[in-house]
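*Asks:* this one's structure only:
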């Protein structure tokens, strides 16, 4: 029998452990950032697996978009599959403002969030009448539509047609620079890390180049944006509207009988989900530097669903896991060029798609809660968290 | 006038192929109230198998029949392994499973046959059957429409005149009661899946045999949205509704959209989605579908 640790909610010991856990998590990710800003690949056999910050930044973008799916699918129970539509809308609006009006990326959120929220609410209106499978159909159709919309000739001025919209500034012709503020000595930290005996080698050598510094700053900024989103949603879920959403998911009729405004709850949750999709899109385009129609096809909508399911439907941590899975697995699959006993042909095709599809099926069959629920179960086997009883308190 | 006729003929061609895939969707929906998002991909896989058999020297129509049987068996296996253990009333896991199948089948086909378009053998005599002015109706269109009617007729007979068809209808009308009557639910649903996949394979083969098209793993992606819309338009549980829905979508795509000047040509997909939206909002049971009554 595994050793069991019992913790009590509200005690100093519990609080300290919690803080310790969070701090070490943040430190861990910062260390990863410094370790992989430069080379960023792990070699297994003859295959190299990319782990650079570009991937992680993409993972953050996907995580935020999947967080939106958590709100609408996981907590409100509406089968809406068209998140790529809003992901793309956010990306395009952001790219357009940055390129044509030389806005900084983060400022574009001021436009991206309300516009995606509104579009999501409007497109969510049919969901008041359409339910279940029909909604899945319609939203998937919407996702399929997005690339054709941005390729329209009449929108060419704003979207750049089939070639995509570069975020390069139209007037100056230069990329928007993510320069870290002067009080943050990223370079100094990197050099200090390199001086650690034995482990120093993992952190590259020499000072960070401008590009590496910018990438690192992007990673920190995006993580902060994502953390704020997660914190807000976590609070939303625990609050009254969040409870209303879960009531709608569990039983619409009884929710309505209990006084939940169905129409309001559903439209708001669509709006929030879309706004999160838009924020994800902004992060994505800030990392990739171009918004191209194929990056927001209906296949992307399905991949985001994969992320949702693999991470765990209806869990916040599932969104993080899902974002990592979506950003890393297809990439790793395509960088696996040789495994013994597996014919070359099976490694060169769309292996990522195959693996994600298999993951989707296998997890739905055998682990319906996704990875994050499984992790939680594993944790519960070792650690029990008790709620402090009122008796001992008084 | 000639242009209008030509567009009408195009509508007939496209509509019939959409209808064939829509029929497969309807069969599965009738049995399980599930929309199979992988239907298009299953059909695409079937068409590739037909192509492969033909390359190995089996005569064309023989290859089609073997391909249909094979994909029927495959679909029966898929149903048994992945679908049966889920509660049909809980939609989310089923949608997810079919999306997973969609990804897997698409990837496997792309790995085996690559993404390059291959030319598909001609199933029907080539050339024009009718020429009115400048408008030409090809034999392909006539045969595509004809086979659509034939498939519907065969399915209709199968469902009304045979014992398994009776069981199928019983299950689709009331699952619990038919279980009490001693109908083997699982077997019947499996039969529905196999039938749907066979019809889908025929549909995809005919679709790919269009002289202007070549077969590639992504061939059904576009057709899937149109077919889903066709199925929903006709009422998701009506076979003949699928035909009407398919023809309507073909009509919207090839005729209506062409006459609305401010809609660019590429927006036919948008037109389909808008039609779907209107139908689902105002008449969720489509043209011929059964209205659902919800009891609290």
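*Replies:* Received, thanks. Model, not experiment: these values are computed from the prediction.
*Asks:* What residue, apart from its backbone neighbours, is nearest the residue in the stretch 101-250 of chain A positioned nearest to chain B spatially?
*Replies:* For the stretch 101-250 of chain A, the residue closest to chain B is residue A:141, as judged by Cβ to the nearest Cβ, at 4.1 Å. Every C-beta, even on glycine, is put in place using the N, C-alpha and C of the backbone. Nearest residue to residue A:141, sequence neighbours excluded (Cβ to Cβ, 6 or more residues apart in numbering or on different chains): residue B:273, at 4.1 Å.
*Asks:* OK, contacts around the one you found?
*Replies:* A:138, A:141, A:142, A:144, A:145, B:225, B:229 (Cβ atoms under 8 Å, 6 or more residues apart in numbering or on different chains).
*Asks:* Mean confidence (pLDDT) on the strand or helix carrying residue A:190, please.
*Replies:* Under the criterion of DSSP states H and E, residue A:190 resides in helix A:186-194. What helix A:186-194 shows for mean pLDDT is 72.
*Asks:* likewise stretch A:384-393?
*Replies:* Stretch A:384-393 comes out at a mean pLDDT of 64.
*Asks:* Please state the offset of whatever helix or strand residue A:309 lives in from the chain centre?
*Replies:* Element membership for residue A:309, per DSSP H and E: helix A:298-311. How far helix A:298-311 lies from its chain's middle: 11 Å, per Cα atoms, centre = their mean, to the nearest Å.
*Asks:* Tell me if stretch A:293-305 is near chain B.
*Replies:* Yes. For stretch A:293-305, a contact with chain B is found by Cβ under 8 Å from any Cβ of the partner chain, at A:298, A:302, A:305.
*Asks:* Flag every buried residue along that stretch.
*Replies:* Neighbour-count burial for stretch A:293-305, counted by 16 or more other Cβ atoms under 10 Å in any protein chain shown, picks out A:293, A:295, A:296, A:297, A:298, A:299, A:300, A:301, A:302, A:303, A:304, A:305.
*Asks:* and the residue nearest to the first one when sequence neighbours are not counted, how many neighbours does it have?
*Replies:* For residue A:293, ignoring the flanking residues on the chain, the nearest one in space by Cβ to Cβ, 6+ apart is residue A:147 at 3.9 Å. Residue A:147 sits with 21 neighbouring residues when counted by other Cβ atoms under 10 Å in any protein chain shown.
*Asks:* What of residue B:90?
*Replies:* 10.
*Asks:* what residues does the stretch 151-300 of chain A put near chain B?
*Replies:* So the stretch 151-300 of chain A meets chain B at A:151, A:152, A:153, A:154, A:253, A:298 (Cβ under 8 Å from any Cβ).
*Asks:* Please identify which helix or strand holds the fifth one.
*Replies:* Element membership of residue A:253 [criterion: DSSP H and E] is helix A:252-257.
*Asks:* what secondary structure does the residue nearest to residue A:141 sit in?
*Replies:* Look at residue B:273: counting by DSSP: H, G, I helix; E, B strand; the rest coil, its state is helix.
*Asks:* measure it to residue B:286 for me?
*Replies:* 16 Å (Cβ to Cβ, to the nearest Å).
*Asks:* Neighbours of residue B:259, how many?
*Replies:* Neighbour tally, residue B:259, other Cβ under 10 Å: 10.
*Asks:* Determine the number of other residues adjacent to the residue of the stretch 101-250 of chain B found nearest chain A.
*Replies:* Closest residue of the stretch 101-250 of chain B to chain A, Cβ to the nearest Cβ: residue B:103 (2.9 Å). Other residues near residue B:103 number 28, with proximity taken as other Cβ under 10 Å.
*Asks:* Check residue A:175 too.
*Replies:* Count around residue A:175 with other Cβ under 10 Å applied: 14.
*Asks:* what's the answer for residue B:92, then?
*Replies:* By other Cβ under 10 Å, neighbour count at residue B:92 equals 21.
*Asks:* Check it and give its pLDDT.
*Replies:* 84.
*Asks:* ok, it touching residue A:78?
*Replies:* No. Applying Cβ atoms under 8 Å as the test, residue B:92 and residue A:78 come out as separate, 9.8 Å apart.
*Asks:* what pLDDT, on average, does the helix holding residue A:253 get?
*Replies:* Computed over helix A:252-257, the average pLDDT equals 88.
*Asks:* Just the buried residues of that helix, please?
*Replies:* Quick answer for helix A:252-257 (16+ other Cβ under 10 Å): A:252, A:255.
*Asks:* need the strands for the chain, in chain order.
*Replies:* Let's take chain A. For chain A, the strands defined by DSSP state E cover A:5-8, A:41-44, A:47-50, A:165-166, A:290-291, A:383-386.
*Asks:* that's the other chain; I wanted chain B
*Replies:* Under DSSP E, chain B gives strands at B:128-132, B:135-138.
*Asks:* Return the most buried member of those.
*Replies:* Among the strands of chain B, the stretch with the highest mean neighbour count (mean count of other Cβ atoms under 10 Å in any protein chain shown) is strand B:135-138, at a mean of 19.
*Asks:* For that one, what is the distance to the chain centroid?
*Replies:* That offset, for strand B:135-138, works out to 24 Å (Cα atoms, centre = their mean).
*Asks:* What strands flank it, and is each parallel or antiparallel?
*Replies:* If you go by DSSP bridges, strand B:135-138 pairs up with strand B:128-132 (antiparallel).
*Asks:* what distance separates the strand it pairs with from the middle of the whole chain?
*Replies:* 27 Å.
*Asks:* residues making contact with that strand?
*Replies:* Here strand B:128-132 has contacts from B:2, B:5, B:136, B:137, B:138, B:139, B:141, B:142, using Cβ under 8 Å, 6+ apart.
*Asks:* Dump the residues you listed into CSV; add distance to residue A:310 as well.
*Replies:* As requested, those are arranged in CSV below (distance: Cβ to Cβ, whole Å):
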residue, distance to residue A:310
B:2, 55
B:5, 52
B:136, 51
B:137, 50
B:138, 47
B:139, 49
B:141, 44
B:142, 48
